[in-house]
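Build me a model:
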Amino acid sequence: MKIVYFDCFSGIAGDMTLGALLDLGIPFDLFKKELNNLFLSGFQIEIKRVTRNHISAQDVYINVTDTQPHRSFADIQSIIENSNLSNKIKEQSLNIFKKLAKAEGNIHHVPYKKIHFHEVGAVDSIIDIVGSIILLNYYKIEKIYASPLPLGKGFVDCAHGKLPIPAPATLELVKNIPVYQTKRQQELVTPTGAAIITTIAETFGEMPQMKINRIGYGAGKTQSTFPNLLRIYLGKLDFTKRN
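Numbering: from 1, shown residues only. Below you'll find the predicted structure:
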């Protein structure tokens, strides 16, 4: 069984997820060709090779070239459903956005279909989420595992002003998921990252017994003395008896 393990030692964000999955080895031109099936314009995607604490990683930049509107859940649903992506990719992508919309709806006490996204409705978050699902399907992943999620402290600036860390949407999304507190004064798990991993991962805990074939590193944008990276192991479950 082909699996991936998300080693979230520095948390998880949308760009970190996309970068780590790209780092597992897909040809970038092939990824962009598949992404064009989304029929979303006004942006350019750029991949840079960077280092964090001397560890090489992929850093994804979504450069917006045209003004992008704030999008509602219905807007994003329409974009995905009217794309030429496979039905499986459409369904998995919409599941993430629906989970995120429900989390926002719980916070604001409104039906999730009426939620208007701000940061998450932006084109870069759409690319992060749909692009990550495209890549997981490209690698033909059968099961997804993840480590417990570390949480930071402090405050973060967003469209609603300053919010506590973890952001309210993040906290909604990680309900019933193993998390632990750190002393780091920064946002480690973003709403987009939380929505992705809590939707796709079947199990949170220690890495299963597996044979690792590839390792991907995705870089975050926040500067830190810690390696701001997401690490993903790609391999197969190993049922070999241990002595």
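
What's the local residue count around Gln185?
Neighbour count of Gln185, defined by other C-beta atoms under 10 Å: 11. Using the backbone N, CA and C atoms, a C-beta is placed for each residue, glycine as well.

which SS class is the residue nearest to Asn37 when sequence neighbours are not counted?
Leaving out its chain neighbours, the residue that sits closest to Asn37 by C-beta to C-beta, 6 or more residues apart in numbering is Asn84, at 3.9 Å. Using DSSP: H, G, I helix; E, B strand; the rest coil, the secondary structure recorded for Asn84 is coil.

Got phi/psi on Asn84?
When read as degrees, to the nearest 10, the backbone of Asn84 gives phi -100, psi 20.

Next: Tyr145.
Here is the backbone geometry of Tyr145 (degrees, to the nearest 10): phi -110, psi 160.

Neighbours of it, how many?
Tyr145 - counted by other C-beta under 10 Å - has 20 other residues nearby.

The residue nearest to Asn37 and Ile47: what is the separation?
23 Å (C-beta to C-beta, to the nearest Å).

neighbour count winner among these two?
For the pair Asn84 and Ile47, the greater number of neighbours falls to Ile47 (16 against 10), based on other C-beta under 10 Å.

element containing the more buried one, please.
In this structure, Ile47 sits in strand 43-52 according to DSSP states H and E.

Which strands or helices does that strand pack on?
Strand 43-52 sits against helix 28-35, strand 55-64, helix 123-138, strand 210-219, with contacts defined as 3 or more C-beta pairs under 8 Å, 6 or more residues apart in numbering; DSSP states H and E.

same thing but at 6 Å, please
Strand 43-52 sits against strand 55-64, with contacts defined as 3 or more C-beta pairs under 6 Å, 6 or more residues apart in numbering; DSSP states H and E.

quick one on the thing from earlier: the strand holding Ile47: how far from the chain's middle?
Averaging C-alpha positions (C-alpha atoms, centre = their mean, to the nearest Å) puts strand 43-52 16 Å from its chain's average.

Need the contact partners of stretch 84-96.
By C-beta atoms under 6 Å, 6 or more residues apart in numbering, the residues outside stretch 84-96 that reach it are 37, 80, 129-130, 133-134, 137, 195-196, 199.
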